[in-house]
Each structure stands twice: as C-alpha cells, then as structure tokens.
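Chemist: Structure for this input, please:
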Amino acid sequence: MQRVTLIAKGEVQRVGYRDDVERIARKLNITGYVENQKPYDVKIVAEGEAAVIDQFIERIKINRFPIDVEHVEVSFDDYKGEFEYFEIKRGEWQEELGERLDIAGRMFYRNIELSERSVELGERNVALSERSVELSERSVALSERSVELGERNVVLGEESVSIGKLMLDKQDETITELKGVRTDLKSYMEERFERIEREIAAIKDKIGVV
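Modeler: Now for the predicted structure:
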C-alpha cells in the first residue's frame, strides 16, 4: 500500500476539477481527500495499492475544457490507513456556491463560443454548397457546349462525306467521258486511215503502179 500527496497546478480551481478527481478515486477504490489550496492550486492526498496510485496520478492530469492541469507535484509517504473513503473537502458555502456559478458561467460561454463556431461553419458550408452548385452549373453548361460542338462535328462530318461522294461521282463521270472520248477517237482514226489507204490504192491504179 502507498500514500501520496499531489499538488495540481494550472486551471484547476473553480472549474469542477475536484469533482473529477473524486470520481476517478472512487472508480480506482482509492481513499483520501481533495481540496482547494490558496491561491490557485489543488491538493490531493491519496492512499491505495502502489500500482493503482500510479494509475491515479496519470488520470488526474486532466486537459479537458474547462480543466487544464499544467503540472502535478508528487510526494510519496508511508501508508497510514487513516481514510475510510475519498472525499472533497469544501470551503465556506459562499465560496462553493461561487465556484459552481463560475463553472456554469464558463460552460455557458463555452457553449456560446461553440454555437458561434457552429454558425460560422454552417455559413462556410452554405458558401461551399453555393460554390458547388455554381461549378455544377458551369459543368452542365460546358457539357451542353461539348454536345453542341459534337453535333456540329457530326453535321460537318456528314457534309464532308456527302462532298466526298459527289467528288467520287464526278470522278466516275469524268473517267466515263474520257473512256468515251478514247473510243470515239480510235474509231475516227481507224476510219481516217481506211480512207487514206483507199485513196492511195486508187492513185496506184491510175498510174499503173503495181
């Protein structure tokens, strides 16, 4: 068994720290007491098993609004077994009432701060939502523009195909016409050569050329 005296420093008075220390001691089956020590500290005397005392020392180092334990002075002593339970040694009722009011006031103002922060975050969320809507609208507009350009590309593609077909048709017509011209020219030349041959044969007959 072990006895320890602790001096907790920091934001430990008028913030409900003694109540938390008592709750921790009760759960760990530690005996002793806790009391305010002027001007700003809290004194804790505790007895219990050594391993449990070590847990107790760590758990009373509370840093949770409005409590802020900045430092704990630790002094071990011989176990005396003089306590039946763990208690809060309170001061005058006026002082205790003032402490309760202080705690309530700090928590109230803390709630106001959190509410204001919540409102601020809500406004930021609204602004982000509006920005998101704006970006979505721009995205939709860009998508519509993309669709419009796509449709125009399709139309231009169809027109290009149509022009290509016309050009192929014209090319076929030209080739057909050229083939016709070649055929006509060949027939004409053959007919012309036959006439020349006939005329030459007639001339040879007249002059007696064999």
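Chemist: Now name the helix or strand holding residue 20.
Modeler: helix 17-28 (DSSP states H and E).
Chemist: Pull out the buried residues from that helix.
Modeler: Buried positions in helix 17-28, judged by neighbour count with 16 or more other Cβ atoms under 10 Å: 17, 18, 20, 21, 22, 24, 25, 28. In this view, the C-beta of every residue, glycine as well, is placed from N, C-alpha and C.
Chemist: Okay, now the unreliable bits of the protein?
Modeler: Within the chain, the ranges that satisfy pLDDT under 70 run 93-95, 97-100, 102-103, 105-110, 112-113, 181, 209-210.
Chemist: What about the closest residue in space to residue 20 that isn't next to it in sequence? Give its phi and psi, please.
Modeler: The shortest distance from residue 20 to any non-neighbouring residue, by Cβ to Cβ, 6 or more residues apart in numbering, is to residue 62 (5.9 Å). The phi and psi values for residue 62, taken as degrees, to the nearest 10, are phi -90, psi 130.
Chemist: Residue 62 contacts residue 70, doesn't it?
Modeler: No - using Cβ atoms under 8 Å, residue 62 is not in contact with residue 70; the gap is 10.8 Å.
Chemist: These two: which is more packed in?
Modeler: Using other Cβ atoms under 10 Å as the criterion, residue 62 and residue 70 rank with residue 62 on top: 18 against 11.
Chemist: which residues does that one contact?
Modeler: 17, 20, 68, 69 (Cβ atoms under 8 Å, 6 or more residues apart in numbering).
Chemist: Tell me which two of the residues you listed sit farthest apart.
Modeler: Using Cβ to Cβ, these reach their maximum pairwise distance at 20 and 68, which is 12.2 Å.
Chemist: what's the distance between the residue nearest to residue 20 and residue 23?
Modeler: Remark: distance between residue 62 and residue 23 (Cβ to Cβ, to the nearest Å) = 11 Å.
Chemist: need the helices for the protein, in chain order.
Modeler: Per DSSP state H, the chain carries helices over the ranges 17-28, 50-59, 93-207.
Chemist: can you list these in CSV and add distance to residue 43?
Modeler: Converted to CSV, these look like this (distance: least, Cβ to Cβ, whole Å):
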stretch, distance to residue 43
helix 17-28, 10
helix 50-59, 14
helix 93-207, 16
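Chemist: Look at residue 72 and say how many residues are nearby.
Modeler: 18.
Chemist: same deal with residue 170?
Modeler: 10.
Chemist: so who does it touch?
Modeler: The contact partners of residue 170, by Cβ under 8 Å, 6+ apart, come to none.
Chemist: where's it relative to residue 163, distance?
Modeler: Where residue 163 is concerned, residue 170 sits at a distance of 10 Å (Cβ to Cβ).
Chemist: same deal with residue 149?
Modeler: 20 Å.
Chemist: quick one: furthest residue from the center of the protein?
Modeler: residue 208 (115.1 Å; Cα atoms, centre = their mean).
Chemist: and which of the contacts of residue 62 is nearest to residue 52?
Modeler: Looking across the contacts of residue 62 and measuring by Cβ to Cβ, the closest to residue 52 is residue 20, at 17.0 Å.
Chemist: so who does the closest one touch?
Modeler: Residue 20 makes contacts with 60, 62, 67, as judged by Cβ under 8 Å, 6+ apart.
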